[in-house]
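Enquirer: Quick one: sequence and predicted model below, then my questions.
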Amino acid sequence: MSNGEKPMHWVVIGTGAIAQKVTPVLARSRGCTVAAVASRTIERAQEFIATIEGAQGAEPLMLGEAPGMFDGGQENIDAAYITLPNRMHPEWTIALLKRGVPVLCEKPLAWREDQVQAMVACGGCFAEGFMNLHHSVSARLREIARGGEHGPIGALVEVRANRCTNMTVPDRIATRRSHTWAGGAMMDLGCYCLSFARFVTGEEFADLRAHGELAPPAPGEIKQVDGTVHIEGEFPCGVRLRAKCSIMEQEPTHVRLIGTRGEAYCEWPWNPPEDTGAPIEVTRDGKKTTEVVKGDSAFVSQFERFVRQERIWPEGWEEHQARVMETCLEQLGVQY
Ligand SMILES: NC(=O)c1ccc[n+]([C@@H]2O[C@H](COP(=O)([O-])OP(=O)(O)OC[C@H]3O[C@@H](n4cnc5c(N)ncnc54)[C@H](OP(=O)(O)O)[C@@H]3O)[C@@H](O)[C@H]2O)c1
């Protein structure tokens, strides 16, 4: 993708919360230039370009009628960063891949295995935006998890993960509760718990169960999304996952790795702070120590790896992620 000299010219698709937060970070990532911004209206794209750091000089584009299409030029685009509502991710990724544009799509890339298979069939390069897994704190947690009997916590027995944020209060973004836009706890937050457990163990689930309760329908909708979900899984090595995600409850987010000799606890696995670093508390044989893991923005690492075509997980990883999402949603009775 990158020739090592010429920066990759990106189009940021969508101008919502995450596009506003991440565009300045994309612009400061090595080998990346924000060349275009695409929105449902050209005025919105222009406003975004005028006000968001790192977007100045980008070309405003309008989202076209069909997925993957823009009105207003796009000749110099090398890659797309999709920040659209979840429902649009698979269609847009596939359409862009068919046009030969590499895609980094915000999570969740897909929620059914066949959607990722269709992406693979297009050829080309695509990745799912689990930026947190690109931060050094995830690398360190994986190291601890795989340390074995003589490692910091002994042999890993259980991964616990919690990602609960109340999205039912009025000022939270409506798409999270929307069935129309494929919101819900699994799509918004549970996907992080599953991907984290798969990342640290390096294994695929042998067994996976999800149960929970539905959220009240979003305003103007009838169908419901999953509101709070409890996930229980088991990997072939015997390690268990116990996770909870919710868009209705507010709880401290964390992961806990439980081993035969102790445990590691981290409150910042999903969004590690750039300035202070992420503390990991390790308790072994009753003795507690804290290590602080610093690293560049998880988003910077994600974009720079994408430019270098460097993967931190094996081929087929996105397909498995979609499969486990599909399994959970099926058990919850939620269908998109
Ligand atoms: N990795 C992370 O840390 C992280 C954090 C938050 C969200 N996300 C993911 O990023 C994606 C976007 O989340 P967000 O919080 O940025 O959402 P958002 O604020 O609702 O933004 C989505 C944008 O998509 C565009 N869009 C195009 N067609 C649309 C339609 N029919 N309805 C609504 N919007 C439409 C809109 O931009 P225009 O008005 O310009 O068309 C809108 O601003 C989600 O998939 C979410 O899971 C990731």
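Expert: Received it, and whenever you're ready, just let me know what you need. Numbers count the residues shown, from 1 in each chain.

Enquirer: In contact with the residue of the stretch 101-250 of the chain found nearest the ligand, which residues?
Expert: Nearest to the ligand in the stretch 101-250 of the chain, going by CB to the nearest ligand atom, is residue 106, at a distance of 3.6 Å. Placement of C-beta: from N, CA and C, glycine included. Contacts for residue 106 (CB atoms under 8 Å, 6 or more residues apart in numbering) come out as 18, 81-84, 89, 129.

Enquirer: try 7 Å
Expert: 18, 82-83, 129 (CB atoms under 7 Å, 6 or more residues apart in numbering).

Enquirer: Over to it: give its phi and psi.
Expert: phi -60, psi 150 (degrees, to the nearest 10).

Enquirer: gap between it and residue 181?
Expert: 13 Å (CB to CB, to the nearest Å).

Enquirer: got it, and residue 24?
Expert: If you go by CB to CB, the gap between residue 24 and residue 181 works out to 25 Å.

Enquirer: which of these two has more neighbours?
Expert: For the pair residue 24 and residue 181, the greater number of neighbours falls to residue 181 (21 against 15), based on other CB atoms under 10 Å.

Enquirer: Bridged to the nearest residue to residue 251 once chain neighbours are set aside, which residues?
Expert: The shortest distance from residue 251 to any non-neighbouring residue, by CB to CB, 6 or more residues apart in numbering, is to residue 164 (4.0 Å). On DSSP bridges, the residues paired with residue 164 through beta bridges are residue 246.

Enquirer: and what of residue 264?
Expert: The bridge-partner assignment for residue 264, based on DSSP bridges, gives residue 257, residue 282.

Enquirer: how about it, what does it touch?
Expert: The contact partners of residue 264, taken as CB under 7 Å, 6+ apart, are 141, 144, 152-153, 257, 280-282.

Enquirer: picking up where we left off before, phi, psi for the residue lying closest to the residue of the stretch 101-250 of the chain closest to the ligand once chain neighbours are set aside please.
Expert: Nearest-residue entry for residue 106: residue 129, 4.5 Å, with adjacent residues in sequence omitted and distances by CB to CB, 6+ apart. Backbone torsions of residue 129, given as degrees, to the nearest 10, read phi -80, psi 60.

Enquirer: okay, now residue 129: neighbour count?
Expert: Counted with other CB under 10 Å, the burial measure for residue 129 works out to 25 neighbours.

Enquirer: With residue 294 instead?
Expert: The number of residues packed near residue 294 is 14, by other CB under 10 Å.

Enquirer: before we move on, what about the one 4 residues further on?
Expert: Other residues near residue 298 number 24, with proximity taken as other CB under 10 Å.

Enquirer: Does it touch residue 135 like I think?
Expert: Yes - applying CB atoms under 7 Å as the test, residue 298 and residue 135 come out as touching, 3.8 Å apart.

Enquirer: Overlap in contacts, those two.
Expert: Common contacts of residue 298 and residue 135, defined by CB under 7 Å, 6+ apart, comprise residue 272.

Enquirer: SS state for residue 228?
Expert: For residue 228, the reduced secondary structure class is strand; criterion used: DSSP: H, G, I helix; E, B strand; the rest coil.

Enquirer: So it versus residue 96, what's the distance?
Expert: For residue 228, the distance to residue 96 under the criterion CB to CB works out to 34 Å.

Enquirer: what residues does stretch 130-148 touch?
Expert: If you take CB under 7 Å, 6+ apart as the criterion, stretch 130-148 is touched by 107, 151-153, 155-156, 192, 195, 199-201, 255, 257, 264, 266, 268-272, 278, 280, 293-295, 298-299, 301-302, 305, 312.

Enquirer: Just the endpoints, please. Distance across that stretch?
Expert: Across stretch 130-148, the straight-line distance between its terminal residues is 26 Å, by CA to CA, to the nearest Å.

Enquirer: Please identify the buried residues of that stretch?
Expert: Buried positions in stretch 130-148, judged by neighbour count with 16 or more other CB atoms under 10 Å: 130-142, 144-145, 147.

Enquirer: That one vs the ligand: in contact?
Expert: Yes - using CB under 6 Å from any ligand atom, we find that stretch 130-148 touches the ligand at residue 131.

Enquirer: so how far is that stretch from its chain's centroid?
Expert: Its chain's C-alpha centre and that of stretch 130-148 lie 15 Å apart, by CA atoms, centre = their mean, to the nearest Å.
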